[in-house]
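[1] could you look at this predicted model? Sequence included:
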2 protein chains.
Amino acid sequence: MSKGITSKNEDYSQWYNEIVVKADLAEHSSVKGCMVIKPYGYSIWEKMQAILDQKFKETGHSNAYFPLFIPKSYFSKEAAHVEGFATECAVVTHYRLKNDGNGNIIVDETAKLEEELIVRPTSETIIWNTYRGWIQSYRDLPLLINQWANVVRWEMRTRLFLRTTEFLWQEGHTAHATSQEAIEETEKMLDVYADFAENFMAVPVVKGKKTPTERFAGALDTYCIEALMQDGKALQAGTSHFLGQNFAKAFDVKFTSKEGKLEHVWASSWGVSTRLIGALIMAHSDDSGLVLPPQLAPIQVVIVPIYKSDEELATISTFVDELMPKLKKLGISVKYDDRDSQRPGFKFAEYELKGVPVRLAIGGRDMENATVELARRDTKEKFTVAQNGLDTYIQNLLTEIQQSIYNKALNFRDEHITQANSYEEFKKLLDEKGGFIAAHWDGTAETEKQIKEETKATIRCIPLNNKQETGVCILTGKPSIQRVLFARAY
Amino acid sequence: MSKGITSKNEDYSQWYNEIVVKADLAEHSSVKGCMVIKPYGYSIWEKMQAILDQKFKETGHSNAYFPLFIPKSYFSKEAAHVEGFATECAVVTHYRLKNDGNGNIIVDETAKLEEELIVRPTSETIIWNTYRGWIQSYRDLPLLINQWANVVRWEMRTRLFLRTTEFLWQEGHTAHATSQEAIEETEKMLDVYADFAENFMAVPVVKGKKTPTERFAGALDTYCIEALMQDGKALQAGTSHFLGQNFAKAFDVKFTSKEGKLEHVWASSWGVSTRLIGALIMAHSDDSGLVLPPQLAPIQVVIVPIYKSDEELATISTFVDELMPKLKKLGISVKYDDRDSQRPGFKFAEYELKGVPVRLAIGGRDMENATVELARRDTKEKFTVAQNGLDTYIQNLLTEIQQSIYNKALNFRDEHITQANSYEEFKKLLDEKGGFIAAHWDGTAETEKQIKEETKATIRCIPLNNKQETGVCILTGKPSIQRVLFARAY
């Protein structure tokens, strides 16, 4: 099987699909819109989960688990919420199958649910219905809960990791005594996401707020982190919502304040999903395959022996057997691929495709010289490195690679934030350069909609601490107080 | 709110429910048969997951993720399998809701699925349909995959943790070149489960095989671990199935052997679920609440200060601030409860209810004497212990408590394996003593069924390496070659 892949300049979309499939990350399942996450892809998700989970716990959150199913009536209790999700809900209507007597298995129509159940597309409704029983007094607040779960949103057009009918995610749902505390929580978790994206995924992000049109259904404010992919399209990498008292009111969740007053609770919710793996791929990878930042690489170092005889292999293996525990002691994950069934060249291509950050090749000559040949996946540079002190050399190099991958993405992103001062210039930039376009907008949903329909660009966000400057809307010429970031997006 | 609970001798079932709810482990959700796992209960599940996941990885398995939904036609491909699960399937028939024009949200009948989707009750079918694409040659074998997931089996009568419509579990699905390898895998994973139950849950188990009647739907052989609860009822704590070539044949999964022959693949599957938390509760707890073995306790040590003045509290806190890092360094999880809003007695009762293995109470007199008052949750003994060397004292004590809880359960279990030599004796033992009853059985499904209908006792297993001895069936008087273990069970 050839592992060669399409060039990303030739066909970006095809390039992406081939990396996902050929690097053994995921594949389409036989269930429309649902993916199978393969072991290598899942191991990246496990690394993401472990890091995020630790950050959630460090910020005072506990994990819990709520039902997969939501009664239709609960789902409908918050008007904007149901409006936002109704068209993409998987609905359970029956709870039994039967044999029709001719050997066919059919749905048993006598086992019809009185009330249909929705497979959760997000869990605000079922969770807030539960919180009613958990919150009585200000002493029960804040309530800081996270859930790792699968969710389902029926999608007509799907892409592996980026948009699938079922996906894995985490969803935080918090309850607070005051509006200010809930907003602080919303912003704190946005910072957690931004820190994760930048320091672990090596993906620079813009933190901002969504326009009312792009808000989460049921939120008063949606904060987001927006990343830029190598084809110049933006990708929303995480969202954090200030829900006000909307869900507390819909589910009648009140608390007695310190002052003895009965008040509705204030809420936030926030989530990131397996979509992050799509972002990771698109942000860094190249025509040889995946490029993984060391912090998220399931294998950080691979060692390939180059030998002509069993004796030579034995000498190399003796060295490797001493090196591996030293690397592991430094927290570095390492694999020794001494398979006899494949040639070194095949192995090199395979680990490039899989994005392993550092490759060591060791031959007989290297053993004589007490060196190894080291290859960096991100820059494809090769070095001859002394065996003496190799463990700390690699440790430092992994740190450097992490930073270097981030810097490259940051430079690309910064080069692709461009100001447009007219609609013509805006459209030209979109078609010829891509990236984020900072432009004045009159603040109306109508203008936003028209620009989207005419250019496929959406307002990705209004950056936090955005510079206030007077100007005129690129579409309508009406007054504007600030530039907002537009882009075509995934 | 009173935390007092019903005595287990008075009403075992009520006692169990109250522990689950009052120790904040879980509660019934508003979705029939589905539970909410609360943070404290979920943290026990997280500990279980972490330990099991490590064991699975050490034995060569990787995690992956497969779709929640299974097309009805796939589900029906293995005849015994669909027969076993058809009557408890949640069925998705539609993928959209709509507003009916009167403000009501209804199912959009135009969005009806051509083929219904089953919410997975177990994933053999969807996974084996996927494995067809993953396995071509003997080089692709063995394929050793595990999945952490939620599954749904529609239950009419549910109990928190023990039997719920949705539950969390892991399911291993492996593929092998030979029957023998698949059987070895099946047995290996049974050993992993038994080791986990005994050394972490402190629950002794009997390893055995199920009778054909009790086998997993689609398996050639089902291995199980059976535990005994304090009310004398048995609980199946984990199963490991040898599936033969049933699923490989149903989904046409073949491989080319070393000899160049095209053959069907051999399979195993194995799983444990959140039911284990139910087993943990029922095996050890008492009338004061949960008793948790230290290996699975989210909080292993709680420290409660007893003070009359802020000054006294400050002195105690200084000591505790030095002690906590020492305990943490030894891998011990510790909580300092210096809440001013609750009295010591309230706190003592709360941590007893929650099963924290070791409680330290420290007062002014203790500080003067350089001692602490230590209470063991399992035996309720109290000791005065020197502050000097307290960290290693506690470390050793936790090991002792773990062993002691296990020994107590083991003694109880061993005292409750009784031989019955007649049906009268069998029924008397069931009603008066409970536990496992070792009795001769003629090996037929008819006898097994009749005994079950008349006594509610089932054959829990035929123990591995069971002693072979001739005898006569307690019901029919027909010849028997061995005793099997009967019990009433959860």
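    Received the coordinates, thanks.
[2] would you map the strands across the stretch 151-300 of chain A?
    Shown for the stretch 151-300 of chain A, the strands assigned by DSSP state E, counting those that start in this stretch span residues A:166-176, A:205-209, A:221-228, A:234-244, A:254-256, A:262-264, A:266-273.
[3] let's have these in JSON lines, adding mean neighbour count, mean pLDDT and distance to chain B.
    For glycine as for every other residue, the C-beta is placed from the backbone atoms N, C-alpha and C. Below are the strands of the stretch 151-300 of chain A laid out as JSON lines (neighbours: other Cβ atoms under 10 Å in any protein chain shown; pLDDT from 0 to 100; distance: least, Cβ to the nearest Cβ, whole Å):
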{"stretch": "strand A:166-176", "mean neighbour count": "23", "mean pLDDT": "98", "distance to chain B": "5"}
{"stretch": "strand A:205-209", "mean neighbour count": "22", "mean pLDDT": "98", "distance to chain B": "26"}
{"stretch": "strand A:221-228", "mean neighbour count": "25", "mean pLDDT": "98", "distance to chain B": "22"}
{"stretch": "strand A:234-244", "mean neighbour count": "25", "mean pLDDT": "98", "distance to chain B": "20"}
{"stretch": "strand A:254-256", "mean neighbour count": "18", "mean pLDDT": "98", "distance to chain B": "15"}
{"stretch": "strand A:262-264", "mean neighbour count": "14", "mean pLDDT": "98", "distance to chain B": "19"}
{"stretch": "strand A:266-273", "mean neighbour count": "26", "mean pLDDT": "98", "distance to chain B": "12"}
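[4] okay, now the unreliable bits of the stretch 1-150 of chain A?
    A:1-3 (pLDDT under 70).
[5] strands along that one, start to end?
    Under DSSP E, counting those that start in this stretch, the stretch 1-150 of chain A gives strands at A:26-28, A:35-37, A:62-63, A:69-71, A:91-94, A:97-99, A:105-107, A:112-119, A:143-152.
[6] how about the stretch 301-450 of chain A?
    Under DSSP E, counting those that start in this stretch, the stretch 301-450 of chain A gives strands at A:301-306, A:334-336, A:358-363, A:371-376, A:382-386, A:417-419, A:436-440.
[7] chain B is nearest to which of those strands?
    For chain B, the closest of those is strand A:334-336, at 13.2 Å, according to Cβ to the nearest Cβ.
[8] what comes up buried for the closest one?
    Within strand A:334-336, the residues that qualify as buried are A:V334, A:Y336, counting by 16 or more other Cβ atoms under 10 Å in any protein chain shown.
[9] is it up against chain B anywhere?
    No - applying Cβ under 8 Å from any Cβ of the partner chain, one finds strand A:334-336 separated from chain B by no less than 13.2 Å.
[10] so what does that strand touch, helix or strand wise?
    strand A:301-306, helix A:310-329 (3 or more Cβ pairs under 8 Å, 6 or more residues apart in numbering or on different chains; DSSP states H and E).
[11] which of the strands of the stretch 1-150 of chain A sits closest to B:A487?
    Among those, strand A:97-99 comes nearest to B:A487, with 31.1 Å by Cβ to Cβ.
[12] who does that closest one touch, helix- and strand-wise?
    By 3+ Cβ pairs under 8 Å, 6+ apart, strand A:97-99 packs against strand A:105-107.
[13] can you pull the pLDDT of the spatially most central residue of chain A?
    Taking Cα atoms, centre = their mean, the centroid of chain A lies closest to A:L276, which sits 1.6 Å from it. pLDDT recorded at A:L276 is 98.
[14] sorry, back to before: got CSV for the strands of the stretch 301-450 of chain A, with mean pLDDT too?
    Shown next, in CSV, are those (pLDDT from 0 to 100):
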stretch, mean pLDDT
strand A:301-306, 98
strand A:334-336, 98
strand A:358-363, 98
strand A:371-376, 98
strand A:382-386, 97
strand A:417-419, 98
strand A:436-440, 98
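[15] just put those strands in CSV and tack on distance to A:Y131.
    Converted to CSV, those look like this (distance: least, Cβ to Cβ, whole Å):
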stretch, distance to A:Y131
strand A:301-306, 46
strand A:334-336, 46
strand A:358-363, 47
strand A:371-376, 49
strand A:382-386, 56
strand A:417-419, 40
strand A:436-440, 38
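[16] what are the phi and psi values for the closest residue to chain B within the stretch 151-300 of chain A?
    Closest contact between the stretch 151-300 of chain A and chain B, by Cβ to the nearest Cβ, is at A:W154 (4.3 Å). Main-chain torsions, A:W154, degrees, to the nearest 10: phi -70, psi 110.
[17] chain B contacts on the stretch 251-400 of chain A?
    Going by Cβ under 8 Å from any Cβ, the residues of the stretch 251-400 of chain A near chain B are A:S341.
[18] rerun that using 10 Å as the cut-off
    Selection of the stretch 251-400 of chain A residues close to chain B by Cβ under 10 Å from any Cβ of the partner chain yields A:T274, A:P298, A:S341.
[19] ok, now which ones touch the closest residue to A:P142 other than its chain neighbours?
    In space, and not counting its chain neighbours, A:P142 is closest to A:H176: 4.8 Å by Cβ to Cβ, 6 or more residues apart in numbering or on different chains. A:H176 sits next to A:138, A:141-144, A:182-186, A:248, A:255, A:265-268 when contact means Cβ atoms under 10 Å, 6 or more residues apart in numbering or on different chains.
[20] nearest to B:L353 among those?
    Using Cβ to Cβ, A:L143 is the member of the contacts of A:H176 that lies nearest B:L353, at 20.2 Å.
[21] what's the model's confidence in the lengthiest helix in chain A, averaged?
    Ordering each helix of chain A by length in residues (DSSP state H) puts helix A:390-415 first. For helix A:390-415, the mean pLDDT works out to 98.
[22] tell me which residues of that helix come out buried.
    A:390-391, A:393-395, A:397-398, A:401-402, A:404-406, A:408-409, A:412-413.
[23] what's the closest of those residues to chain B?
    If you rank those by distance to chain B using Cβ to the nearest Cβ, A:L398 comes first, at 22.2 Å.
[24] what's the nearest residue to that closest one if we skip its chain neighbours?
    Using Cβ to Cβ, 6+ apart, the nearest residue to A:L398 is A:P294, at 4.2 Å.
[25] pretty sure the one you found sits against A:I332.
    Yes - if you go by Cβ atoms under 10 Å, A:P294 and A:I332 touch, sitting 8.5 Å apart.
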